[in-house]
Structure formats: structure tokens, C-alpha cells
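Q: what shape does this take:
(chains A, B, C and D)
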There are 2 protein chains.
Amino acid sequence: MKISAQEEYGLRCLVQLATLDEGKTLTLPQIAEREGISSANAGKLMWLLSKEGFVKATRGTKGGYSLARPSDEISLSEVIKVLDADEIDGHCDSYSGVKDSCVHTGDCGIRPVIVGLHEIVQNALSNITLAQLVGSEKKVDERFHRIQGLHSTLNI
Amino acid sequence: MKISAQEEYGLRCLVQLATLDEGKTLTLPQIAEREGISSANAGKLMWLLSKEGFVKATRGTKGGYSLARPSDEISLSEVIKVLDADEIDGHCDSYSGVKDSCVHTGDCGIRPVIVGLHEIVQNALSNITLAQLVGSEKKVDERFHRIQGLHSTLNI
DNA sequence: CCCAATCTTGACTAAAAGGTAATGATTTGA
DNA sequence: TCAAATCATTACCTTTTAGTCAAGATTGGG
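A: Alright, predicted model coming up:
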């Protein structure tokens, strides 16, 4: 249960675009520089994000990338979903061991936990937008904890 | 953000042991059979879980595996932690791109979200024990949602 | 004591994820 | 028109994760 490289770097690249003023863009080398990754890797990530409609790309001199929508209208749950090909529906097909289908198909004691956990994570992420990740760590941390009410969600 | 094969199968094997009566054990072929995985794979998982103190192994005829502690004293957060080598502390070292250290070291707008998400997941898992995963899907689902304080989403 | 059942362990192979490189397509501006 | 800057796409390589295999060690029973 951990964040994949694609999720981490993809999200970070989007946050860079979220810091831009209206009309400004960043090129692949600029994004790569700011996130400490290679241009090739940034290119792959932006290609995916462009394909999925999160960023707008313009080619040629003066080209670059910008967000396709306002940063305060893009939730992290949407982003994570496409960056990780996150499909809870296909879960049981992915973990069928050496069999063609999972032995627990029909009645499974684990599934509620897997599905429930996924809900909890998606729910938390759906309350955060890219815009809220722009700023100092201290500020973002305060926002996150206020939004999640983390200290009050301890077992009911 | 998804569960790894080792987490999934490891957890499932433990649940099998949790169904056993006091003093009973399961052999590798029996565990493998019940979870639809190979004996070799079950062997690797049980070796890890044994090393980490979750299960007791006895060799020789009449040997097999059993839980090292009562199933209602083993929380999923502990289990997941060892099955996935889950270390949030090392996160920033793992995602430093092509650099030696992450470019955001010192002040990072993403870290609060990563750390917070990890807390949320661990918190949810720490409230569930192996014992609570034994039973029908319907029962387990009810337990999970009662514990987490969410509305049931299972359509039965 | 010896054999069969069982776990243990490390090396090996296979599959998936992560990342790179090279080539092609589009745009701008001299 | 042409060259430079930029994104797009696909093929390839590397690393990590997943899974298998075979030889070894331990235990219990005859």
C-alpha cells in the first residue's frame, strides 16, 4: 500500500503547473529541472496527463504545458486514478494466484477491507485540490489536517 | 496507491490460520490449496511471516503453521507493515528522481499529503484485527463499516 | 536408526514497473 | 521556406517485484 513513482512524480509535475500565472507554460526541460527528474521521464508523464485531459500541450517555439482546468477544480483523487490505472473493480481478477479466478469469488472476507480502504483513500483525496498543494509545507500541512479533521477521526 | 501481491496473499494466508481451532495447524500445501496459490509461494510468505513473529512453524510429520498470537490481538496495520516493508520515513529518499536527494528537501508541499494519507490508512487498519476478517463477506463488511463509521456500500 | 513429511533457505527465472532514447510531427519566426 | 524549439510516440533497456525450484535441516514414527 504505497504510492507509485508515477503517482508521485506525476502529481509533483502538476503542482508545478499549478503555480503558474494565467497564460504561462512550462517546457519539459523546465518541469524536469524543477522536479529533479529527466526530461524524457517528464515527457512520458505529461504525455499521459495530456491524454487524460489534465494538461494542455502546445508544440513549437514558445510551446509548453499548462493545466487544462483551474487548479482548484482538479482533485487529487482524479489525478491518482489515472496515474496509477487505479481500478478497484479489477482487483479480484489481479489476485487470483495460479488459478483462473480467485478462490474466494462469491464470498470473500478480505474484499470489504480492500474496497473500504480504497474508499477511505479516495474520499480523503477527493477533498484536496491541486491549488491547495501550492505553498509552503507548513501551510499545506495545516490545510490537509483541517480538511481531514485527522485528530477527530480516531475510531468512533 | 494499491495493495501489493505480497500484502494480499500474506494477509489471506493469515486469515486461513485465524480460522483454525486452538492447537490445529495447516501445512504449506493446505494453505496453498485454500488460497489458490503455489506451495512454493505460500512457503515464501509463511517464512517471512514466521521471521516477523506472526506465525509459529513446526517441522516434521504432523508439523505446520499456526498463529503465534491470538487472532484478535493481531491488527492489520502490523501485518501490512511487514508484508510491504512499509516505511514512510524513507519516502523522500525513494523518490529523488535522477538526483541524490529530493529537490524539495526542506520545504515540500506534497509531503504532508503523503504522510497524512499514510496516517489515514494505518489508522483505519489498526482498528481491524485478523479475527474480524473471519466470516462471511456480509458480516465482515458490516464490521468494517461500523468500525470506520461509514455507510455500508455492499449491495446484497 | 532410517525414512517420510515438513519447514528453511538461497539461487534462479519471469513479469511488471520504471525509465531512456531515438525518431517523427507541429509550430514559430527569421 | 527553412531551421530551431517543442511535444508525441514507440521501441528498448533497467530495476524491482513476484514467483519457482532444488537442496538442506528438523521432526516424528516405525
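Q: can we go C-alpha only for contacts and neighbour counts from here?
A: Fine.
Q: below-threshold pLDDT in chain A: ranges please.
A: In the predicted model, chain A carries pLDDT under 70 at residues A:150-156.
Q: number of residues surrounding whatever residue of chain A ends up closest to DNA strand C?
A: Closest approach of chain A to DNA strand C (C-alpha to the nearest atom of the strand) occurs at A:Gly60, with a separation of 3.3 Å. The number of residues packed near A:Gly60 is 6, by other C-alpha atoms under 10 Å in any protein chain shown.
Q: ok, now the one 3 residues further on?
A: A total of 14 residues lie near A:Gly63 under the criterion other C-alpha under 10 Å.
Q: how close does it get to A:Asp72?
A: Distance, A:Gly63 to A:Asp72, by C-alpha to C-alpha, to the nearest Å: 24 Å.
Q: over to A:Val55?
A: Distance from A:Val55 to A:Asp72, by C-alpha to C-alpha: 14 Å.
Q: more neighbours: the two, which one.
A: Just comparing A:Val55 and A:Asp72: by other C-alpha under 10 Å the higher neighbour count belongs to A:Val55, 18 against 13.
Q: which residues of chain A fall in helices?
A: Ranges of helices in chain A, per DSSP state H, are A:5-18, A:28-35, A:39-51, A:76-83, A:91-94, A:111-126, A:137-148.
Q: the fourth one vs helix A:39-51, what angle?
A: Same thing as helix A:76-83. For helix A:76-83 against helix A:39-51, the angle by axes from the mean of the first three to the mean of the last three C-alpha atoms, to 10 degrees is 110 degrees.
Q: ok, residues contacting stretch A:23-41?
A: Outside stretch A:23-41, the residues within contact range by C-alpha atoms under 8 Å, 6 or more residues apart in numbering or on different chains are A:9, A:12-13, A:16-17, A:42-43, A:63-66, B:96-99, B:102-104.
Q: can I get that stretch in CSV, CA atoms only?
A: Extracted in CSV, the C-alpha atoms of stretch A:23-41 (Å, rounded to 0.1, in the frame of the first residue of the first chain):
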residue,chain,number,x,y,z
GLY,A,23,-1.3,32.1,-19.8
LYS,A,24,2.2,30.9,-18.8
THR,A,25,3.6,27.5,-19.6
LEU,A,26,6.5,25.2,-18.7
THR,A,27,8.5,23.2,-21.2
LEU,A,28,9.6,19.6,-20.5
PRO,A,29,13.2,20.6,-19.6
GLN,A,30,11.8,23.2,-17.2
ILE,A,31,9.5,20.8,-15.5
ALA,A,32,12.3,18.2,-15.3
GLU,A,33,14.6,20.7,-13.8
ARG,A,34,12.1,21.8,-11.2
GLU,A,35,11.3,18.2,-10.1
GLY,A,36,14.8,16.7,-10.4
ILE,A,37,13.8,14.1,-13.0
SER,A,38,14.9,13.6,-16.6
SER,A,39,13.2,15.4,-19.5
ALA,A,40,12.3,12.0,-21.0
ASN,A,41,10.6,10.9,-17.9
